[in-house]
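Trainee: only the shape, not the letters, is given here:
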Ligand code: FES
């Protein structure tokens, strides 16, 4: 199998401004994120500044500009989940995995606080690598995370 490179990917697109976003989405999907080196290559190919490429990438949540951890844990910290103890769930994850929310110090796990997912009646809500868990408690949390250790 031929290994995809960023050059292979961007050559699939005509060097026109309208193709910057689709190219970024594809690079992020293939490599998991868009690196600084990718931004430089794209800027040269599309004939725009690096800041224009980075600005476009940063605007969309689905395009990552940092290497992603193996396991991404996201916990809602909006009003209804907070009322249902989401902050104690965040603390429990921090203690259990020895990580801090927002820090990427651990290469395996990253914990993020996120805004409402629209599942407010079933909070606190936690997402692990895209899989949603509702009504999370301290005891159910250990079972959920145990599957990712
Ligand atoms: S407040 Fe957490 S899902 Fe809405």
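Mentor: Yes, it's here. It should be emphasised that the depicted structure is a prediction, and the values quoted were computed from it without experimental measurement. Residues are numbered from 1 along each chain as shown.

Trainee: any idea how far residue 77 is from the residue lying closest to residue 78 once chain neighbours are set aside?
Mentor: Nearest residue to residue 78, sequence neighbours excluded (Cβ to Cβ, 6 or more residues apart in numbering): residue 116, at 3.8 Å. Placement of C-beta: from N, CA and C, glycine included. Distance check for residue 116 against residue 77: by Cβ to Cβ, to the nearest Å, it reads 9 Å.

Trainee: the two - which one has more neighbours?
Mentor: Using other Cβ atoms under 10 Å as the criterion, residue 116 and residue 77 rank with residue 77 on top: 18 against 14.

Trainee: still on that earlier bit, state the helix or strand in which the residue nearest to residue 78 lies.
Mentor: For residue 116, there is no host helix or strand (DSSP states H and E).

Trainee: for it, report the pLDDT, please.
Mentor: With respect to pLDDT, residue 116 scores 94.

Trainee: how about it, phi and psi?
Mentor: The phi/psi pair for residue 116 (degrees, to the nearest 10) reads phi -50, psi 130.

Trainee: equivalent analysis for the one 5 residues further on, please.
Mentor: Torsion angles at residue 121 (phi, psi; degrees, to the nearest 10) stand at phi -70, psi -20.

Trainee: what about the strands in the chain?
Mentor: Per DSSP state E, the chain carries strands over the ranges 71-76, 109-114, 126-128, 131-133.

Trainee: just checking: what are the partner strands of the second one?
Mentor: Based on DSSP bridges, the pairing partners of strand 109-114 within the sheet are strand 71-76 (parallel).

Trainee: from the chain's centroid, how far away is the strand it pairs with?
Mentor: 9 Å (Cα atoms, centre = their mean, to the nearest Å).

Trainee: and residue 77, how far from the ligand?
Mentor: To the ligand, residue 77 is 8 Å away according to Cβ to the nearest ligand atom, to the nearest Å.
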